[in-house]
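> Take this sequence and fold it.
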Amino acid sequence: MTILNVAIAGSAGRMGRALLEALARTADMRLSAALEREGSPYLDRDAGELIGASCSVAITDDMDAALSGSGVLIDFTRPEGTLVHLEACRRLGVNMVIGTTGFSALQKRDIEAASADIAIVCAPNMSVGVNITLKLLEMAAGVLNEGYDVEIIEAHHRHKVDAPSGTALRMGEVVAQALGRSLPEIAVYGREGNVGERMPGTIGFSVVRGGDIVGDHTVLFAGTGECIEISHKASSRATFAEGALRAARFLAGRRRGLFDMQDVLGLRASAS
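Alright, predicted model coming up:
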């Protein structure tokens, strides 16, 4: 059995620890490197200590050394840090799984450009369930394309810095595409005061931030006399970690290209 060497960026963070735990449960992957930012109090400690184990991999901020023995880097950090990691992966020929959200249009183009040299899975949500939900939304929006108002409500923990979430935006994009529109044309991100009646054909977003909510998303199709809700609720980050490992397996043997979880799960092919 071929073992895939996996590096984790932001290894001491919430998702980093979830990834360490998921890796510890796999037989076909091993932790090859654990990265943290310069000055982190976790540097030089055994990464296994973060999950109450020992793995003999010291947490480091030496990116080149960490990536030199890795086949893929999994990154759920912040856009600026992810782009630094992306450049190093591109230079060293290391594939990348990107679960970071909050990228600007320009930053997304940087990721696309890097995919000419390395293989990348970039998705705002690695959960298998969320990606099935996206397919359901595509089907629903194609049918409920007249006489239904669309609202997207998402809730996350108090520490999340971007809003709406990348998953909520992706849901909006899927619905807008099914309606033959682009999301920037029809998105409404906030309502306050005397805003007037709801404009037909728009997609509204509502954001909740509080506590330790892992991630809840609901898309509402509100018509006359009925309301259809399609929801996904995550109770643990383990679902995102398992999806990221699935994406890492998908990249094994691939040299270049930009993919998302629809590709990883075979959902794009099934829809064609």
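> Only C-alpha atoms from now on, for both contacts and neighbour counts.
OK.
> which stretches of this structure aren't confidently modelled?
269-272 (pLDDT under 70).
> Strands of this structure, residue ranges please.
4-9, 29-35, 59-60, 72-75, 95-98, 119-122, 149-156, 187-188, 203-209, 215-222, 227-234, 257-259 (DSSP state E).
> Tabulate those strands in CSV, adding columns for mean neighbour count.
Listed next are the strands of the chain as CSV, based on neighbours: other CA atoms under 10 Å:
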stretch, mean neighbour count
strand 4-9, 24
strand 29-35, 23
strand 59-60, 24
strand 72-75, 27
strand 95-98, 28
strand 119-122, 26
strand 149-156, 22
strand 187-188, 18
strand 203-209, 19
strand 215-222, 20
strand 227-234, 15
strand 257-259, 18
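> Thr82 is nearest to which of the ones you listed?
When the strands of the chain are compared by CA to CA, strand 72-75 sits nearest Thr82, at 6.6 Å.
> Now do that closest one: distance to the chain's middle.
12 Å (CA atoms, centre = their mean, to the nearest Å).
> likewise stretch 153-170?
On CA atoms, centre = their mean, the centre of stretch 153-170 falls 11 Å from that of its chain.
> measure it end to end?
With CA to CA, to the nearest Å as the measure, the first residue of stretch 153-170 is 13 Å from its last.
> Give me the contacts around that stretch.
101-102, 124-125, 152, 205-219 (CA atoms under 8 Å, 6 or more residues apart in numbering).
> before we move on, what about stretch 58-65?
So stretch 58-65 is in contact with 11, 33-38, 42-47, 66, 85, 88, 92, going by CA under 8 Å, 6+ apart.
> Let's see that with 10 Å instead.
Stretch 58-65 is contacted from outside by 7-12, 32-49, 66, 84-85, 88-89, 91-92, using CA atoms under 10 Å, 6 or more residues apart in numbering.
> Return the set of buried residues in that stretch.
58-61, 63 (16 or more other CA atoms under 10 Å).
> export that stretch as PDB, just CAs?
In PDB, the C-alpha atoms belonging to stretch 58-65 read as follows (Å, rounded to 0.1, in the frame of the first residue of the first chain):
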ATOM      1  CA  ALA A  58       7.900  18.600  15.400                       C
ATOM      2  CA  ILE A  59       5.800  21.600  14.700                       C
ATOM      3  CA  THR A  60       7.800  24.000  12.500                       C
ATOM      4  CA  ASP A  61       7.700  27.300  10.700                       C
ATOM      5  CA  ASP A  62      10.300  26.200   8.100                       C
ATOM      6  CA  MET A  63       8.100  25.800   5.100                       C
ATOM      7  CA  ASP A  64      10.600  24.500   2.600                       C
ATOM      8  CA  ALA A  65      11.900  21.900   5.000                       C
END
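> Now do it: distance to the chain's middle.
Worked out by CA atoms, centre = their mean, stretch 58-65 lies 23 Å from the chain centre.
> Walking through the stretch 51-200 of the chain, point out its helices one by one.
Using DSSP state H, counting those that start in this stretch, the helices assigned to the stretch 51-200 of the chain run over residues 63-68, 79-92, 105-114, 128-143, 166-178, 183-186.
> So which of the ones you listed is nearest Ala18?
Taking those one by one with CA to CA, helix 128-143 is closest: 15.8 Å.
> orientation of the closest one relative to strand 149-156 in degrees?
170 degrees (axes from the mean of the first three to the mean of the last three CA atoms, to 10 degrees).
> buried residues in helix 128-143?
Residues of helix 128-143 classed as buried by neighbour count (16+ other CA under 10 Å): 128, 130-131, 133-135, 137-138, 140-142.
> Now render those as TSV, adding distance to Pro164.
Shown next, in TSV, are the buried residues of helix 128-143 (distance: CA to CA, whole Å):
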residue	distance to Pro164
Val128	20
Val130	16
Asn131	18
Thr133	17
Leu134	16
Lys135	20
Leu137	18
Glu138	20
Ala140	22
Ala141	20
Gly142	23
